[in-house]
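Engineer: Fold the stuff below for me.
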Amino acid sequence: MKKILVIDDSGVQRKMIVQIIKKAGFENEILEAPDGAVGIETLAGNFQDVALVLCDWNMPNMSGIEFVGAVAKVPAVAEIPVIMVTTEGTDDKIAEAKAANPNLAGYIPKPFTPDQLKAAIDPILNAAG
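Structural biologist: From the prediction side, this is the model:
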């Protein structure tokens, strides 16, 4: 079964996202990273098994926008769906994220409901198998 990578500097936020995914009935293994730099390392070691990345924007060491831009430039991981889950919900920020990674799979502004998260990840994980 494919893995999900959750990148957020808030341990509470990561735990909440993991709980929502599990309560939604997904049994995927979930990897966690506290920033984009660790996210890159985690993805590098697991890229063949990762079906989805959920990534915050505002983090230390490497921001989410830097992460999605870096992922877009590496062919081996560029096709992995990435959904931004962030407080940065303005049209300008959404446009900036899509410019950094044209393959961006989604954008969920915080705060979000469990149903919003499930609706965004459901088609991606069902397609991944």
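
Engineer: Let me know the secondary structure of the most centrally placed residue in the chain.
Structural biologist: Geometric centre of the chain, nearest residue: residue 54, 1.4 Å, by C-alpha atoms, centre = their mean. Under DSSP: H, G, I helix; E, B strand; the rest coil, residue 54 falls in the strand class.

Engineer: partners of it in the sheet?
Structural biologist: For residue 54, the beta-bridge partners under DSSP bridges are residue 6, residue 83.

Engineer: gap between it and residue 63?
Structural biologist: 15 Å (C-beta to C-beta, to the nearest Å). Where you see a C-beta, it was placed from the backbone N, CA and C, and this is true even at glycine.

Engineer: got any ranges where the chain has weak pLDDT?
Structural biologist: When residues are selected by pLDDT under 70, those of the chain lie in 129.

Engineer: Am I right that residue 39 is in a strand?
Structural biologist: No - applying three-state DSSP, one finds residue 39 to be helix, outside a strand.

Engineer: tally of neighbours for it?
Structural biologist: Neighbour count of residue 39, defined by other C-beta atoms under 10 Å: 30.

Engineer: Then the one 5 residues further on?
Structural biologist: Neighbourhood size, residue 44 [other C-beta under 10 Å]: 11.
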